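[1] Sequence unavailable; structure follows:
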């Protein structure tokens, strides 16, 4: 992305969702010793957004033209995240169901 290193772009991407452009620039200045402005951070975010937009557009076009390759990795178990009450309830239900089957 122009004259900006990948490390700086990564820092901007990590921090920009938490702070303003100006604060993000100050954080990068303090962490790296580089002199970067809030406008430069804004420019980085805009270019990053355009790259993501282009990537997504290419993926959509590939999908529409049936050019996407199917995944080759199979997941043996998929876990669902839920609050602890829900998980305990499901586990308790599963244990009861297992005990009923054994009888």
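    Okay, I see it. Nothing here was measured: the structure is a model prediction, and the numbers come from that model.
[2] so what secondary structure elements neighbour the top helix by length along the chain?
    Counting by DSSP state H, the longest helix found in the chain is helix 38-64. Here helix 38-64 touches helix 6-15, helix 21-32, going by 3 or more Cβ pairs under 8 Å, 6 or more residues apart in numbering; DSSP states H and E. In this view, the C-beta of every residue, glycine as well, is placed from N, C-alpha and C.
[3] Residue 68 is nearest to which of those?
    Counting by Cβ to Cβ, residue 68 lies closest to helix 6-15 out of these; the figure is 25.5 Å.
[4] Reformat the helices and strands packed on helix 38-64 as JSON lines; add distance to residue 73, mean neighbour count and mean pLDDT.
    Shown next, in JSON lines, are those (distance: least, Cβ to Cβ, whole Å; neighbours: other Cβ atoms under 10 Å; pLDDT from 0 to 100):
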{"stretch": "helix 6-15", "distance to residue 73": "26", "mean neighbour count": "15", "mean pLDDT": "90"}
{"stretch": "helix 21-32", "distance to residue 73": "36", "mean neighbour count": "16", "mean pLDDT": "93"}
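[5] Taking helix 6-15 as reference, get the angle to the longest helix of the chain.
    Interaxial angle, helix 38-64 versus helix 6-15 (axes from the mean of the first three to the mean of the last three Cα atoms, to 10 degrees): 90 degrees.
[6] So residue 15 sits against residue 27, correct?
    Yes - contact criterion Cβ atoms under 8 Å: residue 15 and residue 27 qualify, at 5.8 Å.
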